[in-house]
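1. the following block contains a protein sequence and its predicted model.
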Amino acid sequence: MSFDSELKEKTLEIEKLIASYLPEEKGWAKTVMSAMNYSVMAGGKRLRPMLMSETFKMFGGCGKEIEPFMAAIEMIHTYSLVHDDLPAMDNDEYRRGRKTTHIVYGEAMAVLAGDGLLNYAFETALKAFELEDADLDKCSRALSILAKKAGIYGMIGGQTADIEAENLGTDVTEEHLLFIHEHKTAALIQAAMMVGAVLGGADDSQLSIIEDAAYNIGIAFQIQDDILDVTSTLETLGKPVGSDEKNNKTTYVTLKGIDEAGAQQKAMSAKAIELIEGLGRYGIKNDFLLELIRSLITRIK
């Protein structure tokens, strides 16, 4: 099977998995549940649950405990996008090729949908503890990683620095920008791969390698996002282009130019691949995971 065919198959499997954990739309709160489900099922690459699953498999994981965590991380990622699109943030009307949640459901319900997804993500992750053969210590470590990387020391911290950078204009430094990218984007990718590694049985030194590799993947992914915001189209990207310029955001492209940004993206992707290939000395490998990381270098959406 070709990589593209395998990627499509795995993405569809993850779609079904995520859908199985979403709330049933009923009762007095059904509107917020509908908004939550609309947001999650808008499509997307499902990159984070896929990275989590493939890292889990790479370390020999084969149980069901990974599944609630896969659904949970996609809920957390989606809630961040719902809030990111709000008028108070980026004020975008399109996400993944269709109207954003606040355009369809209104701003107040979009705020509640995001809040709901964040809380429901942890309700979902906790289902791993209920499995008959669950390793409670591994599940506890995984939950701790997920919470920290999604919170003020991770994604929310990065989003805070990102918002404040909008008022700094050309005074934004590379150090500031790296902090934003490390926390706003890379942190959830680190969470995905580290949770997969922990549940799969990685030791502390191997977990550290995964965290470093995921950092490089995350920064490279965000640089490519910055490039596509300048070079792509709404039809291809599925969301408005030129959004960074509209919101006065300093990006790798504005700071370094497209050529240097592209070179940095390729270098960090190569570093991530080198780190993961290095785990081969322990007999730990996953060819699909490596090809997935390589595909991020040349993605067009």
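-> That came in fine, so what should we check first?
2. mind listing what residue 141 touches?
-> Remark: with contacts taken as C-beta atoms under 8 Å, 6 or more residues apart in numbering, residue 141 is in contact with residue 198. All C-beta atoms are positioned from the backbone trio N, CA, C, and that covers glycine.
3. got phi/psi on it?
-> Geometry field for residue 141 lists phi and psi as phi -60, psi -40, criterion degrees, to the nearest 10.
4. what's the burial count for residue 173?
-> The number of residues packed around residue 173, counting by other C-beta atoms under 10 Å, is 13.
5. any weak-confidence spans in the stretch 151-300 of the chain?
-> Applying pLDDT under 70 to the predicted model, the residue ranges of the stretch 151-300 of the chain that meet it are 232-248, 300.
6. one more time with 90
-> Counting by pLDDT under 90, the low-confidence segments of the stretch 151-300 of the chain come to 165-174, 225-258, 261-262, 296-300.
7. same check, this time on the stretch 1-150 of the chain
-> For the stretch 1-150 of the chain, counting by pLDDT under 90, the residues that fall below are 1, 43-44, 90, 95-97.
8. now the helices for it?
-> In order along the chain, the stretch 1-150 of the chain carries the following helices (DSSP state H, counting those that start in this stretch): 3-21, 30-40, 47-58, 66-84, 101-105, 107-125, 136-150.
9. could I get those as TSV with distance to residue 185?
-> Shown next, in TSV, are the helices of the stretch 1-150 of the chain (distance: least, C-beta to C-beta, whole Å):
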stretch	distance to residue 185
helix 3-21	20
helix 30-40	19
helix 47-58	11
helix 66-84	10
helix 101-105	20
helix 107-125	17
helix 136-150	11
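10. out of those helices, nearest to residue 277?
-> Nearest to residue 277, of all these, is helix 47-58, at 11.4 Å by C-beta to C-beta.
11. how about residues contacting that closest one?
-> Under the contact criterion C-beta under 8 Å, 6+ apart, helix 47-58 has outside partners 10-11, 14, 17-18, 66, 69-71, 73-74, 77, 188-189, 191-197, 199-200, 210, 214, 217, 221, 279, 284-286, 288-289, 292, 296.
12. nearest to residue 168, of the helices of the stretch 1-150 of the chain?
-> Using C-beta to C-beta as the criterion, the shortest distance between residue 168 and the helices of the stretch 1-150 of the chain is 19.1 Å, found for helix 66-84.
13. next, the angle helix 3-21 makes with that closest one.
-> Regarding helix 66-84 and helix 3-21, their directions subtend 90 degrees when assessed with axes from the mean of the first three to the mean of the last three C-alpha atoms, to 10 degrees.
14. how far off helix 107-125 does helix 66-84 point, in degrees?
-> Going by the same axes, to 10 degrees, helix 66-84 makes 160 degrees with helix 107-125.
15. output helix 66-84 as PDB, restricted to C-alpha atoms.
-> What follows is helix 66-84, C-alpha atoms only, in PDB (Å, rounded to 0.1, in the frame of the first residue of the first chain):
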ATOM      1  CA  ILE A  66      -4.600   5.000  23.500                       C
ATOM      2  CA  GLU A  67      -8.000   5.500  22.000                       C
ATOM      3  CA  PRO A  68      -9.600   7.900  24.600                       C
ATOM      4  CA  PHE A  69      -6.400  10.000  24.500                       C
ATOM      5  CA  MET A  70      -6.500  10.200  20.700                       C
ATOM      6  CA  ALA A  71     -10.000  11.500  20.800                       C
ATOM      7  CA  ALA A  72      -9.100  13.900  23.700                       C
ATOM      8  CA  ILE A  73      -6.200  15.500  22.000                       C
ATOM      9  CA  GLU A  74      -8.300  16.200  18.900                       C
ATOM     10  CA  MET A  75     -10.900  17.800  21.100                       C
ATOM     11  CA  ILE A  76      -8.300  20.000  22.800                       C
ATOM     12  CA  HIS A  77      -6.800  21.000  19.400                       C
ATOM     13  CA  THR A  78     -10.300  21.800  18.000                       C
ATOM     14  CA  TYR A  79     -11.300  23.900  21.000                       C
ATOM     15  CA  SER A  80      -8.200  26.000  20.500                       C
ATOM     16  CA  LEU A  81      -9.200  26.600  16.900                       C
ATOM     17  CA  VAL A  82     -12.800  27.500  17.800                       C
ATOM     18  CA  HIS A  83     -11.500  30.200  20.200                       C
ATOM     19  CA  ASP A  84      -8.800  31.200  17.800                       C
END
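16. I'm done for today, thanks for sticking with me.
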